[in-house]
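**Q** Curious how this folds, go ahead:
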Amino acid sequence: MDMSAATTIRAPIETVYRYVTDPANDVNWRTGVTESGWVTDPPMTLGSEGYVQAGTRLGTWRVTAIEPGANVDWDLKAGPFAGTGGYRFEDTDTGTRFTLVATVEPKGLYRLLGPLFGRLGRKRNQADVERLKTVLEDSTTSLSPGGGTGNVISARRVIGSKRGSRRVDRSPSAGLPAAVEGAALLIWHTLVTPFIGRRRRRWGTIGTEATDPLPGDDLVPAPKWSYTLGVTVDAPPEVVWPWIAQVGQGRGGFYTYQMLENLVGCRITNTTEILPEHQHPLVGDDIHLHWDAPPVKVELVDPPNALVLLGAPTETDTDGMWGISTWQFIVTPYLDGRSRLLTRGRYDHGPDRKSRLLFGRFPLEVISFVMSRRMMIEMKRLAEHPRSGT
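**A** Below is the predicted model of the structure:
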């Protein structure tokens, strides 16, 4: 499966070649990479080996062919994907034509996703080479052959201290492996809904949390279906709240499978930073889930314990379609300075087919569970490691 991507970079071949053949720079331009480096000693030569980590997934590679300044080829030796890859460098009138070559054979469950996997991979790799272009062009004020070392050092400074720590301020839910994981979970949960659907709607809850009254329940007093999900966070509510306060498209995002969200046109960027400009939601504010869809409204704000959003995008529909829903974020103190983070959704709708499709349990419950579970896990991670976001 070919996932190659290319772009033209306004920089000499020497600069581009030196930068991309240092695997420690992968964190600066490769989506989802949290750590990378050498297994053998640098520089890159025939037989060189290195590693790359994306979230919890570790892959290793070995150089199988190399012509400095022209091409590099490698085999992926481990990880969820087997295949080959490489770089191509071509001198042009406007700089360097750079191609990221990627031919991948998915393993196991990933193989079942076929065209979706290929489309996501090509989109991710194209975004990566465009990010590389930005990093090198923005850091280079004078592009002349042979100026490589200074330009590379300058390019690394664009990322600041992230380069030294070999970490990048990018959510592990943003990369291709995470998107494939999300797609696989959507398929799996669709298939097993008849067997685990009821239990899934109270995932992570403790005791009576799934049925306890929560702020915002009165907005949909008699839901046709609902869910309550829970997770324990090793941080007090005051530390969890900023990640809740900034949720939304065009704000902090939703901390979930970013590539899947953007595949349906949401235009989401999930941040790993607290955004001061989005820390004070007010009752009546619009929160967008999709850039081109009706927003939900903020109905209740009680920092640091509750944010309740109300969705009724069909209330003025001329066809008589009707539906209403809540999305409730609740944070309460727990044992030893920790917190319980709950999310609840309550849905009511009209009897017509269109209302049931948009607000009914299937397939919305499957999608809500997979995406909300990932969101809560990421919120937990961010709140427990507030300084680094990792």
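**Q** Helices along the stretch 51-200 of the chain, start to end?
**A** 114-138, 148-159, 161-165, 176-200 (DSSP state H, counting those that start in this stretch).
**Q** which stretches of the stretch 151-300 of the chain have low pLDDT?
**A** 151-175 (pLDDT under 70).
**Q** rerun at 50
**A** Low-confidence segments of the stretch 151-300 of the chain (pLDDT under 50): 151-169.
**Q** Tell me who's in contact with the residue nearest to residue 263 when sequence neighbours are not counted.
**A** Spatially, and ignoring its direct neighbours in sequence, residue 263 is nearest to residue 120 (6.9 Å; CB to CB, 6 or more residues apart in numbering). C-betas here are computed from N, CA, C, even on glycine. Residue 120 makes contact with 176, 179, 180, 259, 263, according to CB atoms under 8 Å, 6 or more residues apart in numbering.
**Q** mind redoing it with 10 Å?
**A** 3, 113, 175, 176, 177, 179, 180, 183, 259, 260, 262, 263 (CB atoms under 10 Å, 6 or more residues apart in numbering).
**Q** just residue 260 next, same as before
**A** Residue 260 neighbours (CB under 10 Å, 6+ apart): 116, 120, 173, 178-183, 186, 266, 268, 367, 370-371, 374.
**Q** Between the residues you listed, which sits nearest residue 8?
**A** Lowest distance from residue 8 to those (CB to CB) belongs to residue 120, with 23.8 Å.
**Q** I'd like the distance from that closest one to residue 271, if you could.
**A** 21 Å (CB to CB, to the nearest Å).
**Q** List the neighbouring strands of the strand or helix carrying residue 299 plus their orientation.
**A** According to DSSP states H and E, residue 299 maps onto strand 296-302. Here strand 296-302 is paired, per DSSP bridges, with strand 286-287 (antiparallel), strand 306-311 (antiparallel).
**Q** The helix or strand following the longest one - which strands sit beside it in the sheet, and in what orientation?
**A** With elements assigned by DSSP H and E, the helix or strand that comes after strand 306-311 is strand 323-333. Strands that pair with strand 323-333, judged by DSSP bridges, come out as strand 306-311 (antiparallel), strand 339-349 (antiparallel).
**Q** quick one: average confidence on the helix or strand just after the longest one?
**A** So the one you mean is strand 339-349. Remark: after strand 339-349, the chain's next helix or strand is helix 353-359, criterion DSSP H and E. With pLDDT averaged residue by residue, helix 353-359 scores 79.
**Q** With only the CA atoms kept, save helix 353-359 in PDB.
**A** Output in PDB follows, covering the C-alpha atoms of helix 353-359 (Å, rounded to 0.1, in the frame of the first residue of the first chain):
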ATOM      1  CA  ARG A 353     -36.800   8.200  10.900                       C
ATOM      2  CA  LYS A 354     -34.500  11.200  10.500                       C
ATOM      3  CA  SER A 355     -34.900  12.200  14.200                       C
ATOM      4  CA  ARG A 356     -34.000   8.600  15.300                       C
ATOM      5  CA  LEU A 357     -31.000   8.500  13.000                       C
ATOM      6  CA  LEU A 358     -29.500  11.800  14.400                       C
ATOM      7  CA  PHE A 359     -30.500  11.400  18.000                       C
END
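**Q** Mind giving me the packing neighbours of it?
**A** With contacts taken as 3 or more CB pairs under 10 Å, 6 or more residues apart in numbering; DSSP states H and E, helix 353-359 sits against strand 323-333, strand 339-349, helix 364-384.
**Q** Would you reformat these as CSV and include mean pLDDT, mean neighbour count and distance to residue 190?
**A** Compiled in CSV, these are given as follows (pLDDT from 0 to 100; neighbours: other CB atoms under 10 Å; distance: least, CB to CB, whole Å):
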stretch, mean pLDDT, mean neighbour count, distance to residue 190
strand 323-333, 95, 22, 20
strand 339-349, 96, 23, 18
helix 364-384, 93, 20, 5
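**Q** all strands of the stretch 1-150 of the chain, in order?
**A** Along the stretch 1-150 of the chain, the stretches classed as strands by DSSP state E, counting those that start in this stretch are 5-9, 33-38, 49-54, 57-67, 71-78, 81-92, 95-106.
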